[in-house]
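1. Give me coordinates for this.
(chains A and B)
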Amino acid sequence: MTELAAVRREQLKPPVVDIGVIGWLHKNLFNTWYNSILTVCMVVVLGLLLPPLFKWAFVDSVWYSSAEACHDIDGACWSVIPHNIRFIIFGFFPEGQEWRPALAMFLLLALVVYSRKRSRWQSSLGCLWAVSLTVMGILMYGGIFGMPVVETSQWSGLPLTLMLSFFGMVAAYPLGIMLAIGRRSRMPAIKSLCIVYIEMIRGVPLISLLFMSSIMFPLFLPEGISINKVLRAQVAIILFTAAYIAEVVRGGLQAMPRGQYEAAESLGLTYNQTLRLIILPQALKIVIPPTVGILLSAFKDTSLVVIIALYDVLKTTKVTLSNPKWTGCSTEAYIFLALLYFVFCYAMSSYSRRLEKELDTSY
Amino acid sequence: MNEREVETGVVKSGDPIIEIHGMHKWYGDFHVLSDINLEVQPREKIVICGPSGSGKSTLIRCINRLEEHQRGQIIVNGTELTNDIKNIEKVRAEVGMVFQHFNLFPHLTILENLTLGPIWVRKKSKKEAEATAMMYLEKVDIAEQAKKFPGQLSGGQQQRVAIARSLCMYPEVMLFDEPTSALDPEMIKEVLDVMIGLAEEGMTMLVVTHEMGFAKSVADRVMFMDDGEIVEQNRPDLFFDNPQHERTKLFLSQIL
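-> The predicted structure is shown next:
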């Protein structure tokens, strides 16, 4: 049929104004008179803003000067970063031992990058993760192979941020899924437990959870027993994020048509198999965009641990800036920090978009 | 009413594969099925028709416990359906179900749709399950689409895949819940052809459908339901030529 049609009918090209650069400009920037005005205005505004910004950041700026040299220039003083990079990144980790958290972070990031391909999601990858996480733990804490012990109170800067957010996300995701399933359970005890948990956590700011974990929680412990402060913050972040994940996942479960359950059940699959093989793969795929939103805010919210005196990468930057020598360079330091956060967040969100595309079977 | 004719319309041979005795079902206060009694012999083909809301879909959905009945007894292949989930899963594995809206698993390929049940329920090896699946895909004439996803197939093709998916479980009985109602007219035939082939091989089938041509040529027994009751059942020639009940006559006059 289609072959015949192709022979019979001559295929016409679309009009020139609809294709190519001109077509794009016409369609996106000048398609109506008010859009044309907006376009012209934006060009003027950008023309006024961008050159001075460029001059400040790149032309008049200094990159490796001393702090004193910064006072005499009009441009950006990027020197604040190379001069303080050790403290911004590693915080209070002992001098001379920085290679340990650096290597641990490198391992973590390398493994995350390696795990991006779905074809590699096999049990061997799980073993690799288990081994690597152990190695990372040893690198950070030390105590063997001649590495001096570094208490968790000295863990700070970027390694702390990455650790809190990585375990926050990785542990909160399955916990959130379990809560979502529990909230839909037919067993009233489980259902109400999940509802109470989710609503209680969502009704409280993360800051107050962190306070509770750091100040109130130890009050309930018997004398002499203390649970590590970093661990307590970590648990608070996990519990907090999980409650939000749970509601998003529940939305995905809600979106699944009844027919999918029925088809799976009529094959004789058990309820657990139905969830694991049919429902969750589809439901979790549907909610990738909001899930990533939650994971991104969980990543950024780790900076709130400053409230219980943990020194994440934002706090170490602030400490740097409290040095009178560098006080004037806060803009530059925060731009650097923003870029650092942006790189991680953008990587996450573009990966999620790719995953969505890969998993799309609707055509 | 001619009792003898009704009697001769029913195939009687050996033990029934499905027995339903005095079965009632309610949705809340609504009495959707009332005093259903039905025996299905192995290899028998039954077509169930009736106006919408008459409970015909609900009846066949009770047979694999997608719906729960509140009173009476349903015995499938010697297993009574109770709240025992193990029994229910056993019955479901032995009873194939084909839905109006196909209900294929959109995230799995055609082949994976077919091998899922055999691998997880029947504990077959992946290789064995795939061999069976390809055999049935061959049979429903769709083998070349094995690696595609359901979303890439036409409605008729999807429904044929759904039939093949049920067959991969080697079911004793096949239930069809309006299998052609959601299809474009030109696709109905390809699905009915598969069902006719299945009937000729001696599959026990319960089919809820409005395809009266199919009922006439394939069914051993046609059952008319209205208002939650089995009003009349008979051999297809007798059913269509000489309906006994006013309600049956009215229904047939509307659809034929």
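
2. tell me the contacts of residue 206?
-> Chain wasn't specified; assuming chain A. Residue A:206 makes contact with A:236, A:237, A:240, A:301, A:304, according to CB atoms under 8 Å, 6 or more residues apart in numbering or on different chains. Using the backbone N, CA and C atoms, a C-beta is placed for each residue, glycine as well.

3. oops, chain B please
-> Residues in contact with residue B:206, defined by CB under 8 Å, 6+ apart, are B:18, B:40, B:46, B:48, B:60, B:63, B:173, B:174, B:175, B:176.

4. Same question for residue A:301.
-> A:206, A:237, A:240.

5. What about the closest residue in space to residue A:334 that isn't next to it in sequence, how many residues nearby?
-> Using CB to CB, 6 or more residues apart in numbering or on different chains and skipping residues adjacent in sequence, the residue nearest residue A:334 is residue A:317, 7.3 Å away. Burial of residue A:317 is recorded as 25 neighbouring residues (other CB atoms under 10 Å in any protein chain shown).

6. Residue 247 sits in which helix or strand?
-> No chain specified, so I'll use chain A. For residue A:247, the enclosing helix or strand under DSSP states H and E is helix A:229-255.

7. that's the wrong chain, I wanted chain B
-> With DSSP H and E as criterion, residue B:247 is part of helix B:246-255.

8. Show me what that helix packs onto, helices and strands only.
-> strand B:221-226, strand B:229-234 (3 or more CB pairs under 8 Å, 6 or more residues apart in numbering or on different chains; DSSP states H and E).

9. what sits against the closest residue to chain A within chain B?
-> When distances are taken as CB to the nearest CB, chain B reaches nearest to chain A at residue B:93, 3.2 Å away. The contact partners of residue B:93, by CB under 8 Å, 6+ apart, come to A:267, A:268, B:117, B:121, B:122, B:169, B:171.

10. and the gap between the first one and chain B?
-> Read it as residue A:267. Going from residue A:267 to chain B by CB to the nearest CB, to the nearest Å gives 4 Å.

11. Spit out the contact partners of the closest residue to that residue other than its chain neighbours.
-> Spatially, and ignoring its direct neighbours in sequence, residue A:267 is nearest to residue B:117 (3.8 Å; CB to CB, 6+ apart). Contacts for residue B:117 (CB under 8 Å, 6+ apart) come out as A:267, A:268, A:269, B:93, B:165, B:168, B:169.

12. Ramachandran coordinates for the fourth one?
-> The main-chain torsion angles of residue B:93 are listed as degrees, to the nearest 10 and equal phi -70, psi -30.

13. for the third one, same thing?
-> The main-chain torsion angles of residue A:269 are listed as degrees, to the nearest 10 and equal phi -70, psi 150.

14. still on that earlier bit, which SSE is immediately downstream of the helix holding residue A:247?
-> helix A:258-266.

15. isn't residue B:227 right up against residue B:54?
-> Yes. Between residue B:227 and residue B:54 there is a contact under CB atoms under 8 Å: 6.2 Å.

16. Looking at those two, which one has more neighbours?
-> residue B:54 (24 against 15).

17. ok, so what distance separates residue A:343 from chain B?
-> Distance from residue A:343 to chain B, by CB to the nearest CB: 32 Å.

18. pLDDT on the host helix or strand of that residue, on average?
-> Residue A:343 is located in helix A:330-359, with elements delineated by DSSP H and E. If you average the pLDDT over helix A:330-359, you get 90.

19. residues from the stretch 1-150 of chain B in reach of chain A?
-> Counting by CB under 8 Å from any CB of the partner chain, the stretch 1-150 of chain B comes close to chain A at B:64, B:66, B:85, B:89-90, B:92-97, B:99, B:101, B:103-107, B:116-117, B:120-121, B:149-150.

20. Can you flag the buried ones in those residues?
-> For the residues of the stretch 1-150 of chain B next to chain A, a burial check counting by 16 or more other CB atoms under 10 Å in any protein chain shown picks out B:64, B:66, B:89-90, B:92-97, B:99, B:101, B:103-107, B:116-117, B:120-121, B:149-150.

21. Which secondary structure state does the residue in the stretch 201-350 of chain A that chain B sits nearest to sit in?
-> Nearest residue of the stretch 201-350 of chain A to chain B, counting by CB to the nearest CB: residue A:268, 3.2 Å away. Here residue A:268 takes the coil state, with states given by DSSP: H, G, I helix; E, B strand; the rest coil.

22. Thank you, goodbye.
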